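Enquirer: quick one, fold the following:
(2 chains, ligands or ions: 2)
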Amino acid sequence: MSVSVRVPTILRTYTDGQSEVSADGTTLAEVLDSLEASYAGIRARILDDDGKLRRFVNVYVGNDDVRFLDDLATPTPDGTQVSVIPAVAGG
Amino acid sequence: MSTVTQDAIPSDTDTDNATGAELHAEPAKHTPREGAFGNATHLQCRECQHQVTLGPFYACPECFGPLEVAYAFPAVTREEIEAGPRNIWRYKALLPVPDDIETSRNTEPGFTRLLRAHNLGAELGIDHLWVKDDSTNPTNSFKDRVVACALSAAIELDAKVFACPSTGNLANAVAAAGARAGIKTVVFIPSNLEHPKQVNSAIFTDSLVAVNGNYDDVNKLASEIAGEEEGWAFVNVNVRPYYAEGSKTLGYEIAEQLGWRLPDQIVIPVASGSQLTKVHKSFQELIKLGLVEDKPYKVFGAQASGCSPVSVAYKAGTDAIRPVKPDTIAKSLAIGNPADGIYVLDICRETGGAVEDITDDEVRDGIVLLARTEGIFTETAGGTTVGVLKKLVESGQLDTSLETVVINTGHGLKTLDSVSDRVSAAATIEPSYAAFQATGLGA
Ligand SMILES: Cc1ncc(COP(=O)(O)O)c(C=O)c1O
Ligand SMILES: [Zn+2]
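Expert: Ligands and ions are numbered 1, 2, ... in the order given. Predicted coordinates:
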């Protein structure tokens, strides 16, 4: 399954400045593995030492925050847009 | 110059002062002028202490934690502050703004009234109660404070567009501040927002964007735009560290207006949790700078039950804040995924306070209660705060013998619909004395 991943500014050092990259996987966990294979080091920025999503990062599959779905087990159908976005307070 | 370095402020950025070597220097597109950020020295991750140069940066490149402004404060005196203007710039030495900030075209927010609330206090059985009434700011909410600081940063960073995602009040403040500063604004709101808040933005800007979604959707969109558009300063995204510092002025003012003393208890509404976090930071700074006596104080957070992820986590005794889809009339507090929620939990627990939530009916009751006792018409956020204050008294969580401050963050004219069927004319009569007598309202 090929998906498109939107990369936040602070992670673009890993993707040679690209804001949008493609990756493979049927779940978010697999997508992150695939990202790691292409851009070594990027997964450890998104996941903590226990392999969980870091507290201050929000990941969306389509328009939905994966914390409302199945977290890392959230399915990522072909062509989905995955977005990685820092959590920011104030509104 | 004698300085109090960030070392001395144990609030959130508790490591070495910045030195060139260890600072993570981001590629700068624009070099700010000398002193653009006042006594601020760098940005520092609240989670892992990683340091970044002052610039339009907001998330830690190591852990995504929030970057916060760190300072080398000069030795500020009460007299110096008191001699300053009657707005937030009297505290400019403690903010990331240049020394000539008073000469900039800003909205001059702050130094709002701190009213002794005798009647509300009597009603609730609290001996010493004050309302900090921030509804009298230029666009009638506390957001004018944070926006003034964000605007200064945006201008120093050479931004061309001033923008925000907002639950309403922030959009009002950004649009007005941008008009006054002569900088283009684009503000994003959920499309189901209260009509007066929409008008209050659209009157100042021709670029109000209503998004079909809730605040969290709007916030996501803004973050994506911020990552792509050059020269945009989103006040609560890429210039968020500077924005957030503006809320400290609420705490400074309360202390100064109490006669350079911290209150024993304070009740603050919570949406993203930024404001509560910064009021606490301001109290810690005042203590460290020797401007007030060090003493314990309790911080209480207020939410509406229809969007109370922080209160739910507080009551469950966990650190895990589960995001929610908001459903409450308190739309200004309707942030389902509060980024600073975890810090609210820490602060309320550490200080011996609490986080509490109330139903929409109790929010309306809170609005009417404050109006009928103190002549202050608050919006739903203030109704939430006053309602929570009442609930905290009833449950025994708030000590009624201690000096207590409750913050009113916004004006009721912006959320009229929430109470318009609660109150109405007592009678509609012909213009005759007899008709008046018939109402029974006379002596
Ligand atoms: C009137 C009012 N009070 C309180 C808040 C909550 O502020 P914070 O997001 O800093 O918790 C907001 C906005 O978000 C608001 O508009
Ligand atoms: Zn960090």
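
Enquirer: excluding its backbone neighbours, what's nearest the residue positioned nearest the centre of chain B?
Expert: Central residue of chain B (C-alpha atoms, centre = their mean): residue B:275, 3.8 Å from the mean position. Once flanking residues are discounted, residue B:275 sits nearest to residue B:247: 4.6 Å by C-beta to C-beta, 6 or more residues apart in numbering or on different chains. Placement of C-beta: from N, CA and C, glycine included.

Enquirer: and that neighbour, how many neighbours?
Expert: Residues near residue B:247, counting by other C-beta atoms under 10 Å in any protein chain shown, number 25.

Enquirer: which residues does it contact?
Expert: Residue B:247 makes contact with B:142, B:145-146, B:274-275, B:277-279, B:282, according to C-beta atoms under 8 Å, 6 or more residues apart in numbering or on different chains.

Enquirer: of those, closest to residue B:358?
Expert: Each of these was checked against residue B:358 using C-beta to C-beta; the closest is residue B:275, at 18.3 Å.

Enquirer: residue B:267 is in contact with that closest one, correct?
Expert: No - here residue B:275 lies out of contact with residue B:267, judged by C-beta atoms under 8 Å, at a distance of 12.0 Å.

Enquirer: how about the secondary structure of the residue of chain A found nearest ligand 1?
Expert: Across chain A, the shortest distance to ligand 1 (C-beta to the nearest ligand atom) belongs to residue A:91, at 4.5 Å. With DSSP: H, G, I helix; E, B strand; the rest coil as the basis, the three-state label of residue A:91 is coil.

Enquirer: contacting residues around it?
Expert: Counted by C-beta under 8 Å, 6+ apart, residue A:91 has contacts B:164-167, B:170, B:215, B:219, B:236, B:271-272, B:335.

Enquirer: tell me the residues of chain B that contact ligand 2?
Expert: Residues of chain B lying close to ligand 2 (C-beta under 5 Å from the ion) are B:45, B:47-48, B:50, B:60, B:62-63, B:65.

Enquirer: let's see if you can find the most crowded of these.
Expert: That'd be residue B:60 among the residues of chain B next to ligand 2, by other C-beta under 10 Å, with 27 neighbours.

Enquirer: how about that residue, nearest residue that isn't a chain neighbour?
Expert: That would be residue B:45: by C-beta to C-beta, 6+ apart, it lies 3.7 Å from residue B:60.

Enquirer: could you do residue B:386 as well?
Expert: Here the residue nearest residue B:386, using C-beta to C-beta, 6+ apart, is residue B:366, at 3.9 Å.

Enquirer: how many neighbours does that neighbour have?
Expert: Neighbour count of residue B:366, defined by other C-beta under 10 Å: 27.

Enquirer: touching ligand 1 at all, the helix or strand it falls within?
Expert: Residue B:366 is part of helix B:360-374 when elements are defined by DSSP states H and E. No - counting by C-beta under 6 Å from any ligand atom, ligand 1 is not contacted by helix B:360-374; separation bottoms out at 12.2 Å.

Enquirer: list the contacts for residue 65?
Expert: The chain I'm using is chain A. A:58-59, B:216, B:323, B:337.

Enquirer: actually chain B
Expert: When the contact criterion is C-beta under 8 Å, 6+ apart, the partners of residue B:65 are A:55-56, B:45-48, B:50, B:59.

Enquirer: and the contacts of residue A:91 near chain A, which?
Expert: B:164-167, B:170, B:215, B:219, B:236, B:271-272, B:335 (C-beta under 8 Å from any C-beta of the partner chain).

Enquirer: quick revisit: mind giving me the packing neighbours of the helix or strand that contains the residue nearest to the centre of chain B?
Expert: Taking DSSP H and E as the criterion, residue B:275 maps to helix B:274-288. Using 3 or more C-beta pairs under 8 Å, 6 or more residues apart in numbering or on different chains; DSSP states H and E, the elements in contact with helix B:274-288 are helix B:240-245, helix B:248-257, strand B:265-269, strand B:298-304, helix B:341-351.

Enquirer: hey, C-alpha coordinates of it in PDB?
Expert: Listed next in PDB are the C-alpha coordinates belonging to helix B:274-288 (Å, rounded to 0.1, in the frame of the first residue of the first chain):
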ATOM      1  CA  SER B 274      -1.400  27.600  27.700                       C
ATOM      2  CA  GLN B 275      -2.800  30.400  29.800                       C
ATOM      3  CA  LEU B 276      -2.900  28.500  33.100                       C
ATOM      4  CA  THR B 277       0.600  27.300  32.500                       C
ATOM      5  CA  LYS B 278       1.900  30.800  31.900                       C
ATOM      6  CA  VAL B 279       0.200  32.400  34.900                       C
ATOM      7  CA  HIS B 280       2.000  29.800  37.000                       C
ATOM      8  CA  LYS B 281       5.200  30.600  35.200                       C
ATOM      9  CA  SER B 282       4.700  34.300  36.000                       C
ATOM     10  CA  PHE B 283       4.200  33.700  39.700                       C
ATOM     11  CA  GLN B 284       7.400  31.600  39.800                       C
ATOM     12  CA  GLU B 285       9.300  34.400  38.000                       C
ATOM     13  CA  LEU B 286       8.100  37.000  40.400                       C
ATOM     14  CA  ILE B 287       9.200  34.900  43.300                       C
ATOM     15  CA  LYS B 288      12.700  34.300  41.800                       C
END
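
Enquirer: that helix near ligand 1 at all?
Expert: Yes - counting by C-beta under 6 Å from any ligand atom, contacts between helix B:274-288 and ligand 1 involve B:274-275.
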